[in-house]
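Chemist: sequence unknown, structure follows:
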């Protein structure tokens, strides 16, 4: 599984200030925070105004001070193209991202061909928006697949089912999981998938966000996700994902996580999962599953035992 740190993100006022100030020491600390990741997502949003020309400074700084590969995250195609002139290992880059819409999908895919790199394809378009069902997302995925097949780019593509906050779009958490599983089954050549994990807990109280992120990551693992954009500083989440990959549980909670991942993989039901109802942590995990699988209505108090 590919892990991509999300912590250099222009939406954060602190990050934005550091970028505008060209604060190398601050960025180096952010890279160190994400040392367990495979990639760092450099999210500059629209990449215009004061933030324009940030990639030529930022990308060499990343390569010189970490082993992290680079994900270029911007809606500004001009800034994205400019970045490649300042990256040594262009074949390792992930472009984040394109919808099904022209001309963006053609420009992004042409960049992927030119630099032999990968990219994220969002299962959405201007016409459909973000479809409300897994079937709707799959229709867009098939549209993207057809556009890319002639270019032999499927192996370079990460399909993103688009995670929405459980606080406001609760049913979408399960729809995205269903899309992950269907993407793996629907195509002759198995495609790669990716999720922006932290979206699931947007709007939740800060004390609940790690629980929601960690449990949803376990469910997504069971659905076969190939890459996760995540909080690179969440060491427990990193540990859980590595434990799932090795299948070497260190506790009864780890064993529960494995059972939950297998539940998604095998199309079984949460009601069949065995857990210790006397263990408050296991109970919280099950309650998080009930919310994320749309079996219980979300509230900010859902995890209270």
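Modeler: In hand now; what should we look at? Since the structure is predicted, the reported quantities are computational estimates derived from the model, not experimental observations. Residues are numbered from 1 along each chain as shown.
Chemist: residues contacting residue 3?
Modeler: Counting by CB atoms under 8 Å, 6 or more residues apart in numbering, residue 3 touches 36-39, 227-228, 230, 232, 238, 241. Heads up, the C-betas are built off the backbone N, CA and C, glycines and all.
Chemist: neighbours of residue 31, just the number please.
Modeler: Using other CB atoms under 10 Å, residue 31 has 22 other residues around it.
Chemist: neighbours of residue 271, just the number please.
Modeler: Considering only other CB under 10 Å, residue 271 is surrounded by 8 other residues.
Chemist: just the one 3 residues further on next, same as before
Modeler: Close neighbours of residue 274, defined as other CB under 10 Å, add up to 9.
Chemist: over to residue 129?
Modeler: Per other CB under 10 Å, the neighbour tally for residue 129 reads 12.
Chemist: circling back: mind listing which of the contacts of residue 3 are in strands?
Modeler: 39, 227-228, 230 (DSSP state E).
Chemist: need those residues in a markdown table with pLDDT, can you?
Modeler: Converted to a markdown table, the ones in strands among the contacts of residue 3 look like this (pLDDT from 0 to 100):
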| residue | pLDDT |
| --- | --- |
| 39 | 98 |
| 227 | 98 |
| 228 | 98 |
| 230 | 98 |
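Chemist: kindly indicate which of those lies nearest residue 265.
Modeler: Nearest to residue 265, judged by CB to CB, of the ones in strands among the contacts of residue 3 is residue 228 at 16.4 Å.
Chemist: give the contact list for the nearest residue to the closest one once chain neighbours are set aside.
Modeler: Once flanking residues are discounted, residue 228 sits nearest to residue 197: 5.2 Å by CB to CB, 6 or more residues apart in numbering. Neighbouring residues of residue 197 by CB under 8 Å, 6+ apart: 163, 213, 216-217, 220, 228-231.
Chemist: got it, and residue 36?
Modeler: Contacts of residue 36 by CB under 8 Å, 6+ apart are 3, 232, 235, 238.
Chemist: return the distance of the helix or strand that contains residue 72 from the chain's centre.
Modeler: Assigned by DSSP states H and E, residue 72 belongs to strand 69-74. In terms of CA atoms, centre = their mean, to the nearest Å, the centre of strand 69-74 is set 13 Å apart from its chain centre.
Chemist: helices or strands up against it?
Modeler: The contact analysis (3 or more CB pairs under 8 Å, 6 or more residues apart in numbering; DSSP states H and E) places strand 69-74 against strand 39-45, helix 55-65, helix 77-83, strand 94-98.
Chemist: circling back to that earlier point, for the ones in strands among the contacts of residue 3, give me JSON lines that also has distance to residue 126 and neighbour count.
Modeler: Listed next are these as JSON lines, based on distance: CB to CB, whole Å; neighbours: other CB atoms under 10 Å:
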{"residue": "39", "distance to residue 126": "28", "neighbour count": "23"}
{"residue": "227", "distance to residue 126": "25", "neighbour count": "21"}
{"residue": "228", "distance to residue 126": "27", "neighbour count": "24"}
{"residue": "230", "distance to residue 126": "28", "neighbour count": "25"}
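Chemist: ok, back up a step: save the helices and strands packed on strand 69-74 as TSV, and put in distance to residue 295 too.
Modeler: Output for those, formatted as TSV (distance: least, CB to CB, whole Å):
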stretch	distance to residue 295
strand 39-45	32
helix 55-65	42
helix 77-83	41
strand 94-98	31
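Chemist: right, so of these, which gets closest to residue 245?
Modeler: Proximity to residue 245, assessed across these by CB to CB, is greatest for strand 39-45 (16.7 Å).
Chemist: quick one: buried residues of the closest one?
Modeler: Within strand 39-45, the residues that count as buried by 16 or more other CB atoms under 10 Å are 39-44.
Chemist: name the element residue 113 belongs to?
Modeler: Per DSSP H and E: helix 104-115 holds residue 113.
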